[in-house]
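In: sequence? don't have it. structure:
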């Protein structure tokens, strides 16, 4: 059994709840032969009511003229905030007519048509929420005022009118979204006219349903006191009906697709007969205390018309928002490179949830879903670069979503994977060991020497090389960087370093040898950067016992390089002499110790080859390492390096 105190409790609880979040509010309202002779007096009452209702879409019945539409728009809808609402096209058809008012910031009117019946037109308005472009976001609103009365003729007339509407709705595509707002003048859900709208038929494309599911005999039935919509009055004035709140003539019915919770859909719990607190059965709506609205609004409802507005809120479809591009940048092979993809449901709450999945292209990694986001919510997804091999990475990540405008959303991904840098002392191939020969000079005659560090094979897909530290070991502390060492980066252009040998106070007839260590690594700004090979440069200088070198000997004397070099069995060098000259050739190790004498005596004019078989003065094979061949011809000396491999 239904208790009459329950509507009061429900109304009090509603007043205690926070206001509903934004949605599209659809309202139907019979405005009682507007403007008639009392339109000007009633406009402020409508304004008071509708400022509170805050409709996005308002359909009205019993509008009499275009002048009435204009008066209602300016005086009731736009008086408080001019320009908020626009009016749909008005057709002055037979008997009273329908009108549409809509909030231009939230809804746009796509089209309008009139559907004739034998009594009054039914008006169709095709609308779409602002911010959407797809026809899938469109919905239809129908307004009608069915024949009044209780005779069999009246009921037959209503059945004829609803049959026209049902046939029209059945011709719409399956799954269409539509709302029927009307003054039905129907007293029971058993009436044939009502059954025509809601019952199942062979074609159910146009089937309607009551979103609050309240079938029964509504007229003069206290069980339905909280959903009655007429009459606001118990006394006759202005042509309105009397009898107090005892009819559910005004209803909003919806298509089944409008009540599935997906996309455009009714928000349950928002269906409201505005101003009806359930405590005014057979009473005027402003009699005593109204627990749904205050006395000012209750009086306005009473004086404006003999019906109350009926509204419900509908959610709009989800709306995906994501960047058009996502740049992951560069990483070195084996490194980890990720970027964050933010996906947002840009629809305003309480819109539909965004349901989506991700299809990540080859060359990238990331989650696939499915995912779900409430309206206004966002989520972050890590997208990674596949760094298993070098190369440019490009592809479209596809977001598949229940967004009617963008069921697929493409995000262009890009990134690059670099090879490791390749440090070298040679421009064309990797050489990790080298020699920087300062020559053989007298004290005070040594000049600075330079060496270069290369990033072999550098191109756009190779990491930049960093030479980040250096040290010199040995040589009695006589070798040093000119202007001190500074870290360098090496791409296509080599890094150059200049070193000096300090012979001041050095022992005469002595070979000085040191090792320069250059520490290298990949560009540390790139993920995957690692330490690379250390470059080793042997620094050597021979201090002569005499400081003068005859110009003629310098010009004439020529000593070739050791070949092969490096070597395993033996190596040789060529000496070219313009005239007979005393020549000595000896081999020294890296510590400056004499290993073996190769030649000593007068060499005639011409080219002479001196061979070293890789053995010491005792005939034993020497260990692997760096050795120096010192050649002295007359007053001229040169050092040549030979590397023994084992």
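Out: Cool, the structure landed. Here the structure is a predicted model, which is why all the values come from computation and not from measurement.
In: now the top strand by length along the chain: mean pLDDT?
Out: In the chain, assigned by DSSP state E, the strand with the most residues is strand 510-522. Averaging pLDDT along strand 510-522 yields 92.
In: Could you identify the helix or strand that succeeds it?
Out: For strand 510-522, the following helix or strand on the C-terminal side (DSSP states H and E) is strand 535-543.
In: Relative to the whole chain's centre, how far out is that following strand?
Out: Put simply, strand 535-543 sits 57 Å off its chain's centre (Cα atoms, centre = their mean, to the nearest Å).
In: Taking their axis directions, that strand and strand 510-522 sit at what angle?
Out: Interaxial angle, strand 535-543 versus strand 510-522 (axes from the mean of the first three to the mean of the last three Cα atoms, to 10 degrees): 160 degrees.
In: which secondary structure elements does strand 535-543 contact?
Out: strand 433-441, strand 495-501, strand 510-522, strand 625-633, strand 636-644 (3 or more Cβ pairs under 8 Å, 6 or more residues apart in numbering; DSSP states H and E). (Each C-beta comes from the backbone N, C-alpha and C, glycine too.)
In: For the longest strand of the chain, what is the distance to the chain centroid?
Out: How far strand 510-522 lies from its chain's middle: 50 Å, per Cα atoms, centre = their mean.
In: for the residue lying closest to residue 309 once chain neighbours are set aside, what are its contacts?
Out: Leaving aside its sequence neighbours, residue 309 sits nearest to residue 29 (Cβ to Cβ, 6 or more residues apart in numbering; 4.0 Å). By Cβ atoms under 8 Å, 6 or more residues apart in numbering, the contact set of residue 29 is 58, 59, 60, 61, 250, 305, 307, 308, 309, 310.
In: Next one: residue 29 from residue 252, what distance?
Out: Residue 29 sits 11 Å away from residue 252, going by Cβ to Cβ, to the nearest Å.
In: Check residue 89 too.
Out: Residue 89 is 22 Å from residue 252, by Cβ to Cβ.
In: The two: which is more packed in?
Out: residue 252 (23 against 15; other Cβ atoms under 10 Å).
In: any idea how far the top helix by length along the chain is from the chain center?
Out: When the chain is parsed with DSSP state H, its longest helix is helix 152-170. Chain-centre distance of helix 152-170: 51 Å, with Cα atoms, centre = their mean.
In: Now that helix: buried residues?
Out: Buried residues in helix 152-170, counted by 16 or more other Cβ atoms under 10 Å: 155, 157, 158, 159, 160, 161, 162, 164, 165, 166, 168, 169.
In: Next, count neighbours for the nearest residue to the fifth one once chain neighbours are set aside.
Out: Which is residue 160. Spatially, and ignoring its direct neighbours in sequence, residue 160 is nearest to residue 118 (6.1 Å; Cβ to Cβ, 6+ apart). Other residues near residue 118 come to 10 when the count uses other Cβ under 10 Å.
In: Do you know the pLDDT at residue 118?
Out: Looking at residue 118, its pLDDT stands at 91.
In: does residue 459 sit in a helix, a strand or a coil?
Out: coil (DSSP: H, G, I helix; E, B strand; the rest coil).
In: so where's the protein shaky on pLDDT?
Out: Within the chain, the segments meeting pLDDT under 70 span 1-22, 546-557.
In: 50 - rerun?
Out: The model of the chain has pLDDT under 50 over residues 1-21, 547-556.
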